[in-house]
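K.L.:
Just to be clear, the model below is a prediction. Sequence and coordinates:
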Amino acid sequence: MGETFMAPAFKKRGISPAQILVFGFGGMILIGAFLLSLPAAVADGQSLRFFDALFTATSAVCVTGLSVFNVGATLSLFGQVILLVLIQLGGIGFMTMTSLLYMMIGRRFTLRDRLIIQNSMTQNSVSDSRLQGVVRMTRDIVVMTAVIELCVFLAYAARFVPLFGVSRGLYCSIFQAVSSFCNSGFDVFGAGTGLQPYLGDPVIYIATISAMSLGGIGFYVLLDLYRKLRNKRHRFMLHTKTVLCVSLFLVALGFALFLLFEHNNPRTLGRDDVPIQDKASWALFHSVSARTAGFAAVPQGDLTPASKILTVIYMFIGASPSGTGGGIKTTTVALMLLFIFSIIRGRDDVILFGRRIDKAVVLRSVAIVALGILFVFTAIIIVSLIEYERPITLSDTIYEVVSSFGTVGMTSAVTANFTDASRAVFIILMYGGRVGIFTFTMALAARLENRSSRVRYPKDRIMIG
């Protein structure tokens, strides 16, 4: 079948596909950090601290958007282009770009290569028919990404070119199109206010919220929607129906609750100069952005406590599988809740759209939620201890920790106000949130899994509850 494009040493050492993905993302981060630490990457010609470059590279590859400096004002054109490349690579995935490169030079894909690509897309099915379509799907993903980003770019260019001139306007449009679709939350406007000054423009608003939504629902859903457009008789996959229903529910619920919580807040939507239509548009934008890109329509520190709690929940949930966002994923939460309801009703099976869900998948969803909560709570405790004697509130700590884990990028404080030790925790959170808490854990435990015993011990009971 031809030589695999993965290093032969990986096969000799028995490194699993999940571990290759973890190391692949880590390699991209280190290369990006090195390039961003060069003097040429900074506008004033003075090198960034390597740790700051590492934090920024991690935030870009993990499509988070947290930064310890103003990207548009600090980085040179070279540094911003490096950042843009890292965002694009992180958004569509390490394996997707590697696969495209090897398709371009005519290398063949072995079964192991296909399994690795499949793992990178969080596809659970390992049937031969699905494996045979993995390479074609990779090509479709690249084409679809290019088409969507081109459409968003044209929409931005129609507004940014008149504002900034041709060269600056086109550049900002390219960067913002990639940043919005990849849900990274970065911008290069240099004013420190992100997209806030431009969201009053309907074209920019619609382009941004559309790009965030399309990137967040995942490539499998996009491909399934495309097949439906081409063939009206095509039946949606169970995954597509679940993602669309859960995503629409979360957007609608978030819209209603954010509007309720903020409509009388004098620091956000409760001001006399904010008309009702702007209140509604902000609530909708925040409902989408809180799970995906992290673009803020208003300063997050001004939100009511209820809105902050809801935002934290949304950041923890994140986007959908195979999408450009992070978090524990919409389908994971859906399966866990359905599992709880099935227990309450005394049912053995989890039923979704008339289909019985494999028990192993259901239990995996519960494990992912539990690991995510453990990961986040541990990080909150560590950061709280680090920042104990500094003017960082518990609310700001929780916001920053969950934002890092969900790779959202929203912050109620300023990331630069945290110490390097806390930012090191954020790096780990962003990495784990993007690679996937399940993949990350399984990659570290791969060798132990291979040696697991098949012995079954006697069954017994303990009291719970």
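P.N.:
Good, I have the coordinates.
K.L.:
in the stretch 101-250 of the chain, which ranges drop under the pLDDT threshold?
P.N.:
101-135 (pLDDT under 70).
K.L.:
try 80
P.N.:
Applying pLDDT under 80 to the stretch 101-250 of the chain flags the ranges 101-139, 191-193.
K.L.:
Give me the below-cutoff pLDDT ranges for the stretch 301-450 of the chain.
P.N.:
413-414, 435-450.
K.L.:
for it, what spans make up the helices?
P.N.:
Assigned by DSSP state H, counting those that start in this stretch, the stretch 301-450 of the chain shows helices spanning 305-317, 330-344, 359-386, 394-405, 420-435, 437-444, 446-450.
K.L.:
Using JSON lines, lay out those together with distance to residue 211.
P.N.:
Bear in mind the C-beta positions are built from the backbone N, C-alpha and C, glycine included. Output for the helices of the stretch 301-450 of the chain, formatted as JSON lines (distance: least, CB to CB, whole Å):
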{"stretch": "helix 305-317", "distance to residue 211": "18"}
{"stretch": "helix 330-344", "distance to residue 211": "18"}
{"stretch": "helix 359-386", "distance to residue 211": "26"}
{"stretch": "helix 394-405", "distance to residue 211": "20"}
{"stretch": "helix 420-435", "distance to residue 211": "18"}
{"stretch": "helix 437-444", "distance to residue 211": "25"}
{"stretch": "helix 446-450", "distance to residue 211": "35"}
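K.L.:
Pick the most deeply packed of those.
P.N.:
helix 394-405 (a mean of 24; mean count of other CB atoms under 10 Å).
K.L.:
Could you pull up the residues touching the residue nearest to residue 324 when sequence neighbours are not counted?
P.N.:
Setting aside the residues directly before and after it, residue 324 is nearest to residue 215 in space (CB to CB, 6 or more residues apart in numbering), at 3.9 Å. Taking CB atoms under 8 Å, 6 or more residues apart in numbering, we find residue 215 in contact with 91, 148, 180, 181, 182, 183, 292, 293, 319, 323, 324, 325.
K.L.:
mind redoing it with 7 Å?
P.N.:
Contacts of residue 215 were listed using CB atoms under 7 Å, 6 or more residues apart in numbering, and they are 181, 182, 183, 292, 323, 324, 325.
K.L.:
I'd like to know how far the third one sits from residue 203.
P.N.:
Noted for residue 183: a distance of 20 Å to residue 203, by CB to CB, to the nearest Å.
K.L.:
Between those two, tell me which one has more neighbours.
P.N.:
Taking other CB atoms under 10 Å, residue 183 and residue 203 do not tie; residue 183 has more neighbours (33 against 12).
K.L.:
Quick check: residue 269 touching residue 279?
P.N.:
Yes. Residue 269 lies in contact with residue 279 (CB atoms under 7 Å); the separation is 4.5 Å.
K.L.:
between the two, who's got more neighbours?
P.N.:
The neighbour comparison of residue 269 against residue 279 (other CB under 10 Å) goes to residue 269, with 26 against 18.
K.L.:
Give the helix, strand or coil label for the more buried one.
P.N.:
coil (DSSP: H, G, I helix; E, B strand; the rest coil).
K.L.:
which residues touch it?
P.N.:
With CB under 7 Å, 6+ apart, residue 269 has these contacts: 262, 263, 279, 282.
K.L.:
at 6 Å what do you get?
P.N.:
By CB atoms under 6 Å, 6 or more residues apart in numbering, the contact list for residue 269 reads 262, 263, 279.
K.L.:
Restricted to helices, list the residues you listed.
P.N.:
262, 279 (DSSP state H).
K.L.:
JSON lines for the contacts of residue 269, including distance to residue 413 and pLDDT?
P.N.:
JSON lines is the format used below for those (distance: CB to CB, whole Å; pLDDT from 0 to 100):
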{"residue": "262", "distance to residue 413": "19", "pLDDT": "93"}
{"residue": "263", "distance to residue 413": "25", "pLDDT": "90"}
{"residue": "279", "distance to residue 413": "25", "pLDDT": "91"}
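K.L.:
between the contacts of residue 269, which is closest to residue 305?
P.N.:
Within the contacts of residue 269, proximity to residue 305 (CB to CB) peaks at residue 262, which comes in at 11.4 Å.
K.L.:
in terms of contact, does the closest one touch residue 274 like I think?
P.N.:
No. With contact defined as CB atoms under 6 Å, residue 262 does not reach residue 274; the gap is 9.8 Å.
K.L.:
quick one, which of these two is more surrounded?
P.N.:
Taking other CB under 10 Å, residue 262 and residue 274 do not tie; residue 262 has more neighbours (23 against 15).
K.L.:
got the contact list for the more buried one?
P.N.:
Residue 262 makes contacts with 268, 269, 307, as judged by CB under 6 Å, 6+ apart.
K.L.:
Report the separation between it and residue 233.
P.N.:
Residue 262 is 44 Å from residue 233, by CB to CB.
K.L.:
Against residue 224, how distant is the residue nearest to the spatial centre of the chain?
P.N.:
The centroid of the chain falls nearest to residue 325 when counting by CA atoms, centre = their mean (1.9 Å). Distance, residue 325 to residue 224, by CB to CB: 18 Å.
K.L.:
ditto for residue 265
P.N.:
39 Å.
K.L.:
These two: which is more packed in?
P.N.:
Set side by side, residue 265 and residue 224 show more neighbours around residue 224, with 21 against 16, by other CB under 10 Å.
K.L.:
The residue nearest to residue 356 when sequence neighbours are not counted: how many residues sit nearby?
P.N.:
Spatial nearest neighbour of residue 356, excluding adjacent residues (CB to CB, 6+ apart): residue 349 at 4.8 Å. Residues contacting residue 349 under the criterion other CB under 10 Å number 14.
K.L.:
Output the contacting helices and strands for the helix or strand encompassing residue 221.
P.N.:
Using DSSP states H and E, residue 221 sits in helix 219-230. For helix 219-230, the elements it packs on are helix 134-164, helix 238-262, judged by 3 or more CB pairs under 6 Å, 6 or more residues apart in numbering; DSSP states H and E.
K.L.:
could the ones you listed go into a markdown table alongside distance to residue 211?
P.N.:
Formatted as a markdown table, those follow (distance: least, CB to CB, whole Å):
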| stretch | distance to residue 211 |
| --- | --- |
| helix 134-164 | 5 |
| helix 238-262 | 15 |
